[in-house]
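1. Build me a model:
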Amino acid sequence: MGRELLAGLDVGTTSSKALLMTADGQEVAVGRAPTRWTTTELGAETSAAAIRDGARRALADAVAAVPGDRVVGLGVTSMAESGVLVGADDAPVAPVIAWHDHRDAEQLRDLVKQLGGEQFSIRTGLPLWTQWSLTKHRWLVDHVPGARGAVRRYNIAEWVARSLGARPVTELSLASRTGWLDLATARPWAESMAWSGAPERLLGELVRAGTAVGTAVCHGNLAAVNGATLTIAGHDHQAAVVGVGSTGAGDELDSCGTAEAFVRTVEAGLGPDAIAVLTRAGVTVGWHVIDNRWSLLGATQGGLILGRVLSHLGVDRAGLATLDAAALSATDDPASLQVADDADVVIAPGADPGQVWRAATVLVTAQARRLSDTLDRASGPRRELVVAGGWTNSAMLMAAKAAAFGPLRTAVTNEAGARGAALLAGLAGGVYSSYADLPNHARPDGPAATPQPADASHASHATVSGSRS
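-> Numbers count the residues shown, from 1 in each chain. Now for the predicted structure:
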């Protein structure tokens with residue numbers, strides 16, 4: 001008789017990743033499928049069917065690796081901001097606009113004029129960017145006739161779960177990224193919905209991540225998932241926090257991918273002044289996948305800068321260990337590298353590669369520390385730092401982080417978001433009774449043993465020591 005497994009599905013901008021694990025935390029299979037976007041004269045978009053099909057392919061890929069086993073719980077996490085509009089028959093009525101698309105710049109200007117920029121940020125916890133769902137919805141209402149008749153909107157994770165048998169719900173951490181949610185009350189903000197042309201019913205029933213929202217109805221290559229308890233595992237960055245076990249108030253996840261994202265878990269209820277300071281600094285404040293917690297999320301250009309420096313040096317990932325060794329033994333030479341505001345890099349003529357790499361890692365770590373300090377000032381001191389992502393494979397970067405931040409832990413699983421989704425499925429299905437029951441596995445000190453691509457994320461962790469500056 002086969003094993004009973006938990007599944008996590010992470011539907012991301014680049015790809016969908018599915019992870020299967022046992023209840024004690026052993027990861028047994030991973031599946032992947034690309035997320036396909038179409039570039040138009042307006043920007044980047046895709047279809048609801050393409051999102052659904054890619055996610056199902058990733059899940060089928062993972063299931064095929066463990067024949068005879070059965071999935072008893074499935075959590076779905078995803079990128080935020082993008083969404084699927086449907087009509088009364090639950091069929092899509094508009095394209096899915098990419099969260100990073102800027103076609104809604106005019107709508108953002110009108111939002112600021114009509115609702116007030118600071119008022120919007122304090123009510124929603126969101127900076128004044130074109131990223132959020134409400135301005136893209138307003139664009140769709142203005143330009144796509146079918147969008148005007150939409151009766152329901154699904155965030156990406158909700159849409160995928162719905163296609164697998166979930167009831168129609170809106171998860172709180174994803175709702176926090178729409179611009180339609182009043183942060184303080186966790187209820188729809190009527191004024192922002194009216195401004196964007198969205199009827200209040202568009203959001204539907206609000207639920208917290210880890211809530212059971214139905215039972216999977218699957219056949220064919222997904223028959224092993226049939227009957228599994230379904231849950232929405234929320235925004236992928238917050239699900240990754242669960243995946244790395246950094247769930248306490250004051251804990252912080254440093255996700256070192258192409259963009260370096262910091263996710264701080266805090267008690268719900270920061271005041272308006274703190275929210276205003278954070279949003280002005282480009283930090284989002286929203287409901288977490290963790291019950292009764294808020295998430296503070298900010299980003300730096302760290303991973304982008306490091307990638308460009310490697311490219312200028314002519315070093316690929318296979319040569320990273322040699323470059324790290326040279327940097328660790330090099331002297332500091334900040335003048336060897338200049339970085340512009342747009343992350344363009346200029347290397348001094350004749351500069352020693354080891355000194356250049358050392359300067360790059362110290363520079364991006366200083367950026368990261370400034371962001372973390374901003375979170376400290378608004379919400380109190382950080383408690384524990386867990387570092388994840390492909391750049392954890394750089395010994396020089398990890399040494400720079402240990403020197404700047406003090407003791408930290410490094411994550412190792414390649415799919416923290418999907419792992420977090422699987423763990424939340426376990427909570428939804430009663431496999432675990434609380435976060436304290438979630439399995440956690442550590443590894444020996446040092447960077448991850450197997451190099452991962454820069455946008456990879458990791459889970460379980462181990463200690464790296466250093467002195468805090």
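2. So for stretch 221-241, what gets flagged as buried?
-> 222, 224-226, 228-241 (16 or more other C-beta atoms under 10 Å). Where you see a C-beta, it was placed from the backbone N, CA and C, and this is true even at glycine.
3. ah, wrong one, I meant stretch 414-433
-> Buried, per 16+ other C-beta under 10 Å, within stretch 414-433: 414-429, 431-432.
4. And stretch 5-16, by the same measure?
-> Quick answer for stretch 5-16 (16+ other C-beta under 10 Å): 5, 6, 7, 8, 9, 10, 11, 12, 13, 15, 16.
5. okay, those in CSV with pLDDT and secondary structure next?
-> Formatted as CSV, these follow (pLDDT from 0 to 100; DSSP: H, G, I helix; E, B strand; the rest coil):
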residue, pLDDT, secondary structure
5, 98, strand
6, 98, strand
7, 98, strand
8, 98, strand
9, 98, strand
10, 97, strand
11, 97, strand
12, 94, coil
13, 93, coil
15, 95, strand
16, 97, strand
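6. Which two among the residues you listed are spaced furthest apart?
-> 5 and 13 (26.3 Å; C-beta to C-beta).
7. longest helix anywhere in the protein?
-> Counting by DSSP state H, the longest helix found in the chain is helix 353-379.
8. Show me what that helix is packed up against.
-> strand 252-256, strand 260-267, helix 272-280, strand 293-300, helix 302-313, helix 320-329, strand 337-339, helix 395-405 (3 or more C-beta pairs under 8 Å, 6 or more residues apart in numbering; DSSP states H and E).
9. Any idea which of these gets closest to residue 132?
-> Nearest to residue 132, of the helices and strands packed on helix 353-379 and by C-beta to C-beta, is helix 272-280 at 11.7 Å.
10. report the angle between the axes of the closest one and strand 260-267?
-> Counting by axes from the mean of the first three to the mean of the last three C-alpha atoms, to 10 degrees, helix 272-280 points 170 degrees away from the direction of strand 260-267.
11. and helix 272-280, what other elements does it pack with?
-> Counting by 3+ C-beta pairs under 8 Å, 6+ apart, helix 272-280 packs on helix 117-124, strand 284-287, helix 353-379.
12. Would you mind identifying the next helix or strand past the longest one?
-> Spelled out, it's helix 353-379. strand 385-388 (DSSP states H and E).
13. For that following strand, which outside residues touch it?
-> Applying C-beta atoms under 8 Å, 6 or more residues apart in numbering, the external contacts of strand 385-388 come out as 240, 244-246, 251-256, 372, 398, 401, 405-411, 416, 457-459, 461, 464.
14. how distant is it from the center of its chain?
-> 14 Å (C-alpha atoms, centre = their mean, to the nearest Å).
15. Helix, strand, or coil at residue 88?
-> coil (DSSP: H, G, I helix; E, B strand; the rest coil).
16. In contact with the nearest residue to it once chain neighbours are set aside, which residues are there?
-> Once flanking residues are discounted, residue 88 sits nearest to residue 151: 5.4 Å by C-beta to C-beta, 6 or more residues apart in numbering. Counting by C-beta under 8 Å, 6+ apart, residue 151 touches 86, 87, 88, 199, 201, 202.
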